[in-house]
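K.L.:
Make a model of this:
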Amino acid sequence: MSDTLNFSSTSPRLGLPLLYAGQAQKEAFVNEAHARLDACVHCTIEGVAATPPASPADGSNWLVAPSASGDWTGQDGRVAARQAGNWLFFDAFDGLRIFNRATGQFSHYAGAWQVPAAVSLSQDGTTIDIQARAVLANLVSALQTAGVLPSSSQANSD
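P.N.:
The predicted model follows:
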């Protein structure tokens, strides 16, 4: 499951290796496909980092930060998955959703990683209506960023 194996035919979204008739060593292709599925289905990452952890556990995933080093050099922005003692990398695709254990927050990919902003609560004030409207606007914006609600332009086009 290292990147030294090159598969001549892969699925378009997850890069799963495809079998062909009369193929020898089918187990390598099937095992690679299972490892990729294990890494990205219901994806959970340990956090975002530019340097691989010293002792990563098999099954752990990380989002590779810019200017990555070590085994992650050249893998910026990809998901690094530890599988069978090796690093397996895959690209994010529109609709991929991850849970970041370090922040306790979900993010989703739509051209770039979308991370909802924290919603600010209104402070004590004399004009509650203005504060309530601002809080609701922030909440709607956060829900749109999280992909829970469509953006204004998407809602108007439906």
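K.L.:
what are the ranges of the strands in this structure?
P.N.:
In the chain, the strands defined using DSSP state E lie at 44-45, 48-49, 61-64, 79-83, 86-90, 97-100, 105-109, 113-114.
K.L.:
Same list, those strands, but as CSV with distance to residue 140 please.
P.N.:
Heads up, the C-betas are built off the backbone N, CA and C, glycines and all. Output for those, formatted as CSV (distance: least, Cβ to Cβ, whole Å):
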stretch, distance to residue 140
strand 44-45, 27
strand 48-49, 27
strand 61-64, 27
strand 79-83, 29
strand 86-90, 32
strand 97-100, 20
strand 105-109, 17
strand 113-114, 15
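K.L.:
where in this structure is pLDDT low?
P.N.:
The model of the chain has pLDDT under 70 over residues 1-8, 10-19, 38, 118-128, 147, 149-158.
K.L.:
and the longest helix for it?
P.N.:
helix 128-145 (DSSP state H).
K.L.:
ok, what's across the strand from the spatially most central residue of the chain?
P.N.:
Per Cα atoms, centre = their mean, the C-alpha nearest to the average position across the chain is that of residue 98, at 4.5 Å. Taking DSSP bridges as the rule, residue 98 bridges to residue 107.
K.L.:
Many thanks, we can stop here.
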